[in-house]
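Enquirer: turn this into a model:
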Amino acid sequence: MRRVSAQVIEDWQLYSQLLELQAIQPQSLLLHPYKTIRTPFEWDSFFLYKRPYNGVMNLNQATFTTSAPKLSRCPTESIAEVAFAGRSNAGKSSALNRLTGVNGLARTSKTPGRTQLINYFELDEAHYLVDLPGYGFAKVPLKIRQQWERHLEEYLRDRKALRGLIILMDIRHPMTDNDRQMVEWSHFIDRPIHILLTKADKLKRGAAMASLHKVEATLKTEFPGITVQIFSSTKGIGVDEARQTVMNWLTSD
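Expert: This is a model prediction of the structure:
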């Protein structure tokens, strides 16, 4: 018999008592309403209940979990996740590596468009970071690119666990047609959005701030509520601010 922690047994007993008192419905604590948990061993094995956030989650705990070709293959146990999207050469993988402090977590490539799946990185207790397929100038066949776009649209529209979307744009030429399309669609379906203007180290401070202010003005006029900041994976510019945004989303009710 394998060992089960006291906390698991305590949680399971409380759940059983509440069910007996008819104080809750089975699906109110379970992520999978069709699974009956009869013992603390099952409770521990399946982790199907929504644990409260205990304050110890850290982005540097990120580990690769799985890759999904479409929404229906995404992890069912996810409670909250923050997704990262951007043009294929916007530095998305580098940003994920820098934000988590885990070198090589997301694979970087000199060939844009290598991220072809929805990649999941687990943090703690079914909280995830999600690396979405790059859009824009990916050097892939048109048919494949259209398939990515369809799955990306489905994910953004229907993924219930999605708490927020980080959109990465090259600070030297932000708000391209592809970027604007992503912002418009995500804003239309009322997803929280935070923009990272990446590669800020490529510009002098004055030029970087000018680009930031220009994007801020556009957002204020056309997409109120969306926030933006400058960011550099190489120099660490804006890393703490971006981390705070991600953590706020992941731990919000």
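
Enquirer: so where is the protein shaky, pLDDT-wise?
Expert: Residue ranges of the chain with pLDDT under 70: 1-56, 108-115, 136-140, 253.

Enquirer: spell out which residues make up each domain of it.
Expert: When the chain is parsed with automatic domain parsing, its domains come out as 6-46, 59-251.

Enquirer: ranges for the strands of this protein?
Expert: Secondary structure of the chain (DSSP state E): strands at 63-68, 80-86, 118-124, 127-131, 162-170, 193-198, 227-230.

Enquirer: give the pairing partners of the third one; include direction for each.
Expert: Think strand 118-124. Pairing partners of strand 118-124, with direction, according to DSSP bridges: strand 63-68 (antiparallel), strand 127-131 (antiparallel).

Enquirer: may I see those strands arranged in TSV, with distance to Gly225 as well?
Expert: Placement of C-beta: from N, CA and C, glycine included. Shown next, in TSV, are those (distance: least, CB to CB, whole Å):
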stretch	distance to Gly225
strand 63-68	29
strand 127-131	21
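
Enquirer: kindly export stretch 229-249 (C-alpha atoms) in CSV.
Expert: Output in CSV follows, covering the C-alpha atoms of stretch 229-249 (Å, rounded to 0.1, in the frame of the first residue of the first chain):
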residue,chain,number,x,y,z
GLN,A,229,5.7,47.4,-21.3
ILE,A,230,9.2,47.2,-22.7
PHE,A,231,11.1,44.0,-22.3
SER,A,232,14.4,42.4,-23.0
SER,A,233,15.3,38.8,-22.5
THR,A,234,19.0,39.5,-23.0
LYS,A,235,19.3,42.4,-20.5
GLY,A,236,16.5,41.5,-18.2
ILE,A,237,14.6,44.8,-18.8
GLY,A,238,11.0,44.6,-17.6
VAL,A,239,11.3,41.0,-16.3
ASP,A,240,10.0,41.7,-12.8
GLU,A,241,7.0,43.6,-14.1
ALA,A,242,6.1,40.9,-16.6
ARG,A,243,6.5,38.2,-13.9
GLN,A,244,4.1,40.1,-11.6
THR,A,245,1.5,40.3,-14.3
VAL,A,246,1.7,36.6,-15.0
MET,A,247,1.5,35.7,-11.3
ASN,A,248,-1.4,38.1,-10.7
TRP,A,249,-3.4,36.3,-13.4
